[in-house]
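Participant: A structural model of the following input is requested.
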Amino acid sequence: MNTLVLDLAPASSSSLSLLLALLLAHLLGDFVLQPDRWVADRQARGIRSPSLALHALVHAALAWLVLCALRSVAGIDDGIDATLAAVMLGLAHWTIDAAKAEATRRWPTRQLGLFMLDQGLHGATIVVVWLWLVGSLSPLTAMLAHLSTPSSLLLLLAYLLVTRPMAVAIALAMAPLARQLKAPGTLDRAGARIGILERLLVLTLTLLDQLTAVGFLLAAKSVLRFGDLKESRDRKLTEYVLLGTLASVTSTLVLGLLVRLWLGGQGG
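Facilitator: Purely as a prediction, here's the structure:
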C-alpha cells in the first residue's frame, strides 16, 4: 500500500492522466448518470434516501473502473489500493451529498453557493485520494510553485480586479449618466465616449495581432445599433452612423498597423 512522502520530483504525465480521469468519472457520475428523480429523492429524504446510496455506489464503481484501467500506468502496484480508494471516494461522496441535501433544506435561497461548495469538496477529496495513490506530494508542490510565479500572480490579480473592484469603479463612473436615464433624448456625450472606447479596443487588438476580434467588435456594434436605425427609418442617420463607425475603425487600424510596422523595424 502506498505511503505519502515528500517527493519533489515533477509529477509524471501518467499520474496527471489519472487525476483527470477521476475528475471525468466524477462529472459523469454527478451530471450524466444521475437521474432527476434521484436528486428529488435525496432532497426529500436526505441521509435516508436510497437514491443517495445508489448515487454514491455509482461514483465508487466509476472510480474503481478508472483506477483499474490506469493502475499500471499510474504506478499503483496492487488492487487493494484501487478498491480502497474507490470505497473512500464513494463514502466521501455520500457524506458530502447528504450534508448538501440537509443544507439545501435549511437554506433554500443559497443553492448556488451550496452547489459550488459541494463541487469544491468533491474535487478536494479526489485530489487528496489521488495524492495518496501516487505516493508523492510533488504534484502539489509543483502546482504551488507554478501559482507563485509572477505571471500566475499577475493573472490572478487581473481576474480579481475585473470582479468587485472594477464593478465599483464602473458604477461610480456611470453614476452621472444614470441620473440622465429618466430624461428624454440621449446621454450627454455618450457617442464620443463610445468612440473613444471603441478606438482604444481596436488599437489594442491591432497591436496584439488580433484583427479577427476587430471584426467581431464591429459586428457587435452593428447589431446593437440595428434596432435604433430600423426604428428611425432615417437613411441619413444610417449613413451617418455607418460612416462614423468605419472612419473610427479604419483610422485606428491604420494607426495600429503603422505602429506595429515601426516596432517591427526597431526590433521590438
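Participant: Where does pLDDT dip in the chain?
Facilitator: By pLDDT under 70, the weakly predicted segments of the chain are 1-13, 72-79, 170, 174, 177-191, 221-243, 266-268.
Participant: Mind doing that once more with 90?
Facilitator: Scanning the chain with the threshold set as pLDDT under 90 gives 1-18, 43, 46-47, 68-82, 105, 108-109, 111-112, 131-268.
Participant: where exactly do the helices run in it?
Facilitator: For the chain, applying DSSP state H gives helices covering 13-27, 36-45, 50-74, 79-106, 111-134, 138-147, 150-161, 164-178, 190-207, 211-232, 235-265.
Participant: how about the ones you listed in TSV, adding mean neighbour count?
Facilitator: C-beta coordinates here come from the backbone N, C-alpha and C atoms, glycine included. Shown next, in TSV, are the helices of the chain (neighbours: other CB atoms under 10 Å):
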stretch	mean neighbour count
helix 13-27	17
helix 36-45	15
helix 50-74	19
helix 79-106	18
helix 111-134	16
helix 138-147	14
helix 150-161	10
helix 164-178	10
helix 190-207	15
helix 211-232	12
helix 235-265	13
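Participant: Phe216 and Leu201, how far apart?
Facilitator: 11 Å (CB to CB, to the nearest Å).
Participant: distance between stretch 89-98 and the chain's centre?
Facilitator: Centroid separation for stretch 89-98 versus its chain: 25 Å, with CA atoms, centre = their mean, to the nearest Å.
Participant: Can you tell me what sits against it?
Facilitator: Stretch 89-98 is contacted from outside by 22, 29, 42, 46-47, 52-53, 55-57, 59-61, 63, 118, 121-122, 125-126, 129, using CB atoms under 8 Å, 6 or more residues apart in numbering.
Participant: and if we set it to 7 Å?
Facilitator: Around stretch 89-98, the neighbours that count as contacts under CB atoms under 7 Å, 6 or more residues apart in numbering are 42, 46-47, 52-53, 55-57, 59-60, 63, 118, 121-122, 125-126, 129.
Participant: what about stretch 132-142, start to end distance?
Facilitator: Criterion CA to CA, to the nearest Å; first-to-last residue distance in stretch 132-142 is 16 Å.
Participant: again with stretch 146-155
Facilitator: One end of stretch 146-155 sits 12 Å from the other (CA to CA).
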